[in-house]
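Chemist: sharing a model that was predicted from the sequence below.
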Amino acid sequence: QVQLVESGGGLVQAGGSLRLSCAASGRTFSSYAMGWFCQAPGKEREFVAAISWSGGRINYADSVKGRFTISRDNAKNTVYLQMNSLKPEDTAVYYCAAGTFGMIKARYDYWGQGTQVTVSS
């Protein structure tokens, strides 16, 4: 069992940066791939980024490549999402998830409660 708690969301102007964190409980954190997903109002939850348990594999949605960076610190049971050059269309609730590496929601077994990111123009 893994419990996930996101933090770091907020209101930022376009072009600004935010760093999201996701703290995990449980001793098995390092055995899980971690993903970030986002959900805007009226839209499906969609993939943002994923990182394998070792950090050796990373994948990004095309819309965030070159702007967002996912990383993890297994010693701290934490995964991060550094978000740079933010755009108004990045506005969404961001969720972290633990499971099997991939871009599909169904590959992830555990989800956090989400953190709101709002980018003003």
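Modeler: Okay, I see it.

Chemist: quickly list what the residue most central in space within the chain is bridged to.
Modeler: The centroid of the chain falls nearest to Trp36 when counting by C-alpha atoms, centre = their mean (2.6 Å). Beta-bridge pairing of Trp36 under DSSP bridges involves Ala49, Cys96.

Chemist: for it, what are its contacts?
Modeler: 20, 22, 48-50, 70, 79, 81, 94-97 (C-beta atoms under 8 Å, 6 or more residues apart in numbering). No exception for glycine: its C-beta is placed from N, CA and C like everyone else's.

Chemist: one more pass at 10 Å, please.
Modeler: By C-beta atoms under 10 Å, 6 or more residues apart in numbering, Trp36 lies in contact with 6, 20, 22, 47-51, 60-61, 64, 68, 70, 79-81, 83, 94-97, 112.

Chemist: what's the answer for Ala49, then?
Modeler: So Ala49 contacts 34-38, 58-61, 64-65, 68-71, 79, 81-83, 96, 103 (C-beta under 10 Å, 6+ apart).
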